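**Q** Using only what follows, build the 3D model:
(2 chains)
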Amino acid sequence: MAPSFIFKMAWRDSRTSRMRLLLFSLSITAGVAALVAIGSFRQSLSQSIDDQARTLVGADLIIESTRPFTTTEEGFLGSIGGAQAREVRLSTMAVFLGRGTRLVHLRALSGDFPFYGKMETEPAEAVQDLRQGGRAVADETLLFQFGAAAGGNVSLGGRDFEIAGALRKVPGDASASASFAPRVYIALQDLPLDLLRPGSVAHYRAYVKFREGTDVAQKIAALTPQIRRLGLEFETVDKRKKDLGALVENLYRFLNLVGFISLLLGAVGIASAIQAHLQQKVRTGAILRCLGTSTNGIAFIYFIQASAISLAGALFGGLVGIGLQRIFPSILRTFLPLTIPNVIAWWPILTGVLIGCGICLLFAVPPLLRFRRVSPLLMLRSADARVETQSFARDPLLFAAYALIVASTTAFAIYRSETWLQGLVFAVALGVAVAIFAGVARLLIVSLRRWFPLSWSFALRQGLANLYRPNNRTLLLIVSLGLGTFLLLTIHLTRDVVMTQFQSIGRNNQPNIFLFDIQSDQKDAVAALVGSLGFPVVQKAPIVTMRLSEIKGRKSSDILADPQRKIPEWELEREYRSTYREQIVETEKVTAGKWIGRVDYHSGDVVPISLDREIAKDLGVNVGDELVFDVQGIPIRTRIASLRSVDWKRFQTNFFVVFPAGVLEAAPTFHVLVSRAKTPADSARLQNAIVSKFPNVSALDLAAVIQTVDSILSKVALVIRVMSLFTVAAGLIVVASAIWSGRYQRVEESVLLRTLGASRRQIWQILGAEYFLLGFLASLTGTGLAVAASWALATFVFKLSYAPTLLPLLIATASATTVTVLIGLLTSRGVSSQPPLEVLRAEMG
Amino acid sequence: MNASAILDVQRLTKSYRTNSGELTVLKDISFVLGPGATCSILGPSGSGKTTLLGLCAGLDLPTSGHVCLNGIALDEIGEDDRARVRNQLVGFVFQSFQLIPTLTALENVTVPMELRGDRTARQQGLELLERVGLAERVSHLPTQLSGGEQQRVALARAFINKPLVLFADEPTGNLDAETSRSVIDIMLELNSDSGTTLVLVTHDPEVACLTEKTIRLRNGEMVQDGA
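**A** I've put the predicted structure just below:
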């Protein structure tokens, strides 16, 4: 058989169905657009990280300590040379007189930091004003909150500062980092000493810019051992790049998997459309077989059409993706300390289009393989021509095609996941979700056949019967509609559960205000003041900061350097804020070992401590194992005496590590006090009173935490929702194209019914009933699955109690049903309005 | 096997498995046709005429017995080889015309030649369409042609490959008497000009009278083989 004939035939045969084929091709547009947009965004982001690397840190090297630099450390810093700047960072309360107070992140700066990039303020000269002293620059959101502006005043640590301007951007900071505690910059020489009492949690930073021509990597490599020996922390451009790169990669992987669902849905849509298309081409296939076309030749003709559809859809998706790639930077702007350029990244576009095209072709193979079996004998029979379903046993190629689809889908999921297990879980979960939807569709078909409501009106019976008649689209529509509803609703419900939990924390007389950074000599006075104002002292705790320096005889630095380690980096590097007390508190329970409340400690003794069981699991330790903590320069050897389960959801002082009384009393300590204010006005009254008498004490209001969590969750939910919208868009296009592909059959039936005397109204009733039932069942199943998924997420991931609200469920079900009926009726437009003969001639070609 | 035969049918039987047991639709049919012969298969509905035609043309395989087309045993070759045999040796005309709805009249006619990559297809197609009186309708789609015109396009398609055998399944079944006559005339004319063997399935005794040989079927059995 001549190859040219196959191409010619594929082109000629598409003559009367090109518009329909183009509509089918739109099924994968959303999926490819998602992949291209995400891929392009990732490439732009990676490019930005490379281009703006030095502004990520603002210096070549940052050296940090949790205590003032010692003389030796100062000597070392002096020996590094280059340009240097110093900064002290701590949390404190900002008081806007007459307007209120808020916890802020105070940064006292000296020198010319940032060395790379610039601090952006409004007005621009505010940076210079700040360095001259007596003035402060504060996050513009903070100024906005209190209606303050340049020229106004803010009190920090009991000292008044003139506001020089609003802070917009600092090199290396994402603006989201300011949402918990807004940043306020002052000059280092203005830092109120009251804020730096022993035990205060402050961070001392030295920013270094090496001399021109210095080999930065080599210099840092040479300095690293000395920095480590001095027990200092440090950050470099490379390290920040690596961290940010890992963050970008994780984000990319996650978004990519969500985008992949849209693509798969589109591929299923294409496969279904191809199947419907082939169903109309059975006679043509039989004629060609009769005239001598080989079995493979027949399949190739339609494979070429499928390729063209896939390519057209993928290319269009690529174009849409290019347009949409700007969405992600604008949504994620607040999380990223970078300016993302508007450039077209060709590689992600190419890969997105190729993956889209490839997946679609793969999904189109099974119907094409079945089409090979079209019998030329159909030419001699006038009965309804259809391609019979083949069993795998009769057609091993069909089995191989399905196996390849499963394998490549799983492989893609694994390739895009961080670990193969995650990829596998994703693929299996997706398979299970699809299987559930398919099962519901099958159940519907079987149930309708078995218990068909014969007493219903003619229109309703016809509409119902369309759901199980040959060439029905029930399965495809339920899968695509259901999956869209499921994804969107799961995101909404999960966010709802988390927020409800946060909002319920402060109810029922639970504590809702934290006072911290209380010095040992202030703790009784602060408690007395709280009591005198009529507020309860719910809990008090001393806090000692420390770092984990050894686990079971192995140094933390060695474990960190081990590429095989399983312990998360943050658990090795973090500053542990531990407490000491004799009694266990109500938010915790000993799960292993024995609680030891007090010891008679002598220097060098091994201290029996209690560890949170979750962190013990992460650290790979158990009762009896030894840990060494560096308590502000002094190593303290400990042995795990007990493990505790801690209810972290309670707004109280909870600790990973609890020491017995008798050990840490002499260490630099600050205290926290937990109280409850009934109203926001009470909370403000308490904070104002505390800050005016104890300027170094900070207050954290639960309402502020809830607000911050809500804003972060909203942003995260928005990102996921945008991705889900791709899936929903894919689902809607698939629904439209599936209805369109079954249109020829509906037209035939409608024409026949109208010829027999059915009114247009009855035709619309039949169609309406069919789409209503499809939409209702799909959305009901999607809603059910979303409730199950959000319950699983709440219970197993967030460990929260679960009680979904009914309203979103009703809205989701009603809107998905309405959308289905609307799309169905819109796509069927013209079926009942044209003369039967005209419709027949146009549609049957 | 008859060496000079174009179509050699020996002890042909076709049965189907049904829920109520085996159903035999053709029983022990044998006949031989030489080059240029004309033969009609006559019988009432359900007598097995179309099944016999399908087996002779290699569209289906017999349960037992053999069909040799130009010396090629159709039951001994694969599906794609039978397709090649159909393309090179056989022409078809069907009751319901069976034109590809998306192709023009000319494109429908040239399909068998284009399948082989023959570049003269267009010219030959135009000549044949002119011969069947459709020179003005070459670019029309099947839906734009009348039943008689569609059947003439099908005839032109059947003859474009200069087949050794033409199988016609009730070619006038969907046409009025006048159009039927003109289609049969064209078919016989093309047949005699090209020396093609003609196998014609019909239930019309008048049409059957126009062929040299008549095979009468009843309940799947040959009741008369008349010359």
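
**Q** low pLDDT regions in chain B?
**A** Confidence mapping of chain B against pLDDT under 70 gives the ranges B:1-3, B:224-227.

**Q** Where does it get nearest to chain A, residue-wise?
**A** The nearest approach of chain B to chain A comes at B:N87, 2.3 Å away (C-beta to the nearest C-beta). In this view, the C-beta of every residue, glycine as well, is placed from N, C-alpha and C.

**Q** Just give the nearest non-adjacent residue to that residue, would you?
**A** Closest residue to B:N87 apart from its sequence neighbours, by C-beta to C-beta, 6 or more residues apart in numbering or on different chains: A:G292 at 2.3 Å.

**Q** I'd like the secondary structure assignment at the one you found, please.
**A** At A:G292 the chain is in coil, as set by DSSP: H, G, I helix; E, B strand; the rest coil.

**Q** Got phi/psi on it?
**A** Here is the backbone geometry of A:G292 (degrees, to the nearest 10): phi 110, psi 10.

**Q** which residues sit in contact with it?
**A** By C-beta atoms under 8 Å, 6 or more residues apart in numbering or on different chains, A:G292 lies in contact with A:1, B:83-88, B:112, B:115.

**Q** I'd like the residues you listed as CSV, with distance to B:I215 appended.
**A** Formatted as CSV, the contacts of A:G292 follow (distance: C-beta to C-beta, whole Å):
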residue, distance to B:I215
A:M1, 33
B:A83, 26
B:R84, 27
B:V85, 22
B:R86, 21
B:N87, 26
B:Q88, 25
B:P112, 27
B:L115, 31
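
**Q** Of those residues, just say which sits nearest to A:A124.
**A** Using C-beta to C-beta, the shortest approach to A:A124 within these belongs to A:M1, at 74.5 Å.

**Q** quick one on the thing from earlier: the residue of chain B closest to chain A contacts B:G117, correct?
**A** No. Applying C-beta atoms under 8 Å as the test, B:N87 and B:G117 come out as separate, 11.4 Å apart.

**Q** Endpoints of stretch B:137-153, how far apart?
**A** End-to-end distance for stretch B:137-153, by C-alpha to C-alpha, to the nearest Å: 10 Å.

**Q** Equivalent analysis for stretch B:61-74, please.
**A** 8 Å.

**Q** next one: stretch A:443-462
**A** Where stretch A:443-462 begins and where it ends lie 19 Å apart, using C-alpha to C-alpha.

**Q** Buried ones in it, by neighbour count?
**A** A:444-445, A:448, A:459-462 (16 or more other C-beta atoms under 10 Å in any protein chain shown).

**Q** Could you list every helix and strand that the biggest helix by length in chain B packs against?
**A** Secondary structure of chain B per DSSP state H: the longest helix is helix B:177-194. Contacts defined by 3 or more C-beta pairs under 8 Å, 6 or more residues apart in numbering or on different chains; DSSP states H and E place helix B:177-194 against helix B:147-159, strand B:165-169, strand B:197-202.

**Q** sorry, back to before: could you check the angle the helix or strand harbouring the residue of chain B closest to chain A makes with strand B:197-202?
**A** B:N87 is part of helix B:79-89 when elements are defined by DSSP states H and E. Going by axes from the mean of the first three to the mean of the last three C-alpha atoms, to 10 degrees, helix B:79-89 is angled at 100 degrees with respect to strand B:197-202.

**Q** okay, now A:S46: neighbour count?
**A** Other residues near A:S46 come to 17 when the count uses other C-beta atoms under 10 Å in any protein chain shown.

**Q** which secondary structure elements does the helix or strand where it lies contact?
**A** A:S46 belongs to helix A:29-51 when elements are defined using DSSP H and E. Helices and strands touching helix A:29-51, by 3+ C-beta pairs under 8 Å, 6+ apart, are helix A:237-280, helix A:295-324, helix A:327-332, helix A:346-371, helix A:702-741.

**Q** Turn those into JSON lines, including distance to A:V127.
**A** Formatted as JSON lines, those follow (distance: least, C-beta to C-beta, whole Å):
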{"stretch": "helix A:237-280", "distance to A:V127": "22"}
{"stretch": "helix A:295-324", "distance to A:V127": "36"}
{"stretch": "helix A:327-332", "distance to A:V127": "26"}
{"stretch": "helix A:346-371", "distance to A:V127": "38"}
{"stretch": "helix A:702-741", "distance to A:V127": "27"}
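
**Q** and A:I615, helix, strand or coil?
**A** Put simply, A:I615 is helix when judged by three-state DSSP.

**Q** residue with max distance from the center of chain B?
**A** Distance from the C-alpha centroid of chain B peaks at B:S20, with 32.0 Å (C-alpha atoms, centre = their mean).

**Q** list the contacts for it?
**A** So B:S20 contacts nothing (C-beta under 8 Å, 6+ apart).

**Q** for stretch B:198-216, the distance to its chain's centre please.
**A** In terms of C-alpha atoms, centre = their mean, to the nearest Å, the centre of stretch B:198-216 is set 13 Å apart from its chain centre.
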